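A.B. asks: Next comes the sequence, and after it the predicted model I'd like to discuss.
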Amino acid sequence: MNKTIKLFNLSDLLLYQQFMKKVVLTGLALCLISCSDKVLDTQQSDSGSNNDFTLTLTISDDIVYLNSSIKVTAVIERRVDGTSITENMMMDAVGGKIDGQNFTSVSSSSNSPATITVSMDNEAGSKFEALAFFLPSYSYNTSKKEYYNFMEKGQVSASFDNINVTLPVNMVEPR
């Protein structure tokens with residue numbers, strides 16, 4: 001007597017394969033979506049240069065809530081070999097203040113730009129980086145719980161060796 005034992009039902013096997021394909025494709029899609037946050041990347045950067053230096057200004061976000069801040073970095077890169085420099089870099093803002101991290105911070109009542117003493121090697125490719133934060137200026141009425149006396153559009157700027165770079169900043173009320 002010859003008995004054949006059916007180990008797999010063909011229709012069950014096809015259903016299992018289709019299910020596994022869906023699981024793998026869904027997992028792959030989730031991985032790609034979660035790993036790619038470039039869609040939400042609102043960092044902005046702009047550069048200017050002359051014969052000796054390149055100045056790059058970067059803000060971490062082009063939108064800032066009034067009760068928050070955004071990171072501002074200014075990088076100076078030496079393009080040619082040179083002698084020591086004694087120049088200062090200036091960082092300023094319209095619609096808010098610059099609060100420095102590796103230089104003397106500007107008081108909230110000051111209207112003068114932040115002055116940063118630049119120090120870097122004499123070789124081409126040498127860099128100097130200044131880190132700061134942009135703090136929006138505003139008034140807040142606690143009884144009405146509303147913001148007022150603020151600019152909706154501001155600017156952040158950096159200047160060095162006759163190079164001027166500016167980036168726009170949009171200011172919004174917190175939710």
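C.D. replies: Perfect, thanks for sending it.
A.B. asks: Any figure for the gap between Gln17 and Gly27?
C.D. replies: In this structure, Gln17 and Gly27 are 16 Å apart, going by Cβ to Cβ, to the nearest Å. Using the backbone N, CA and C atoms, a C-beta is placed for each residue, glycine as well.
A.B. asks: Oh, that last question was meant for Ser139, not what I typed.
C.D. replies: In this view, Ser139 and Gly27 are 50 Å apart by Cβ to Cβ.
A.B. asks: got the contact list for the residue nearest to the spatial centre of the chain?
C.D. replies: For the chain, the residue nearest the mean C-alpha position is Ser60 (1.7 Å; Cα atoms, centre = their mean). For Ser60, the contacting residues are Gln43, Ile70, Lys71, Val72, by Cβ atoms under 8 Å, 6 or more residues apart in numbering.
A.B. asks: got it, and Asp161?
C.D. replies: Under the contact definition (Cβ under 8 Å, 6+ apart), the residues listed for Asp161 are Asn50, Asp52, Phe53, Leu55, Glu87.
A.B. asks: Might one say that the third one is in contact with Ala74?
C.D. replies: No - Phe53 sits out of contact with Ala74 when judged by Cβ atoms under 8 Å, with a separation of 11.6 Å.
A.B. asks: Mind giving me the packing neighbours of the host helix or strand of Asn164?
C.D. replies: Here Asn164 is covered by strand 163-172, with elements defined by DSSP states H and E. In terms of contact count using 3 or more Cβ pairs under 8 Å, 6 or more residues apart in numbering; DSSP states H and E, strand 163-172 is assigned the packing partners strand 44-49, strand 53-59, strand 63-65, strand 153-160.
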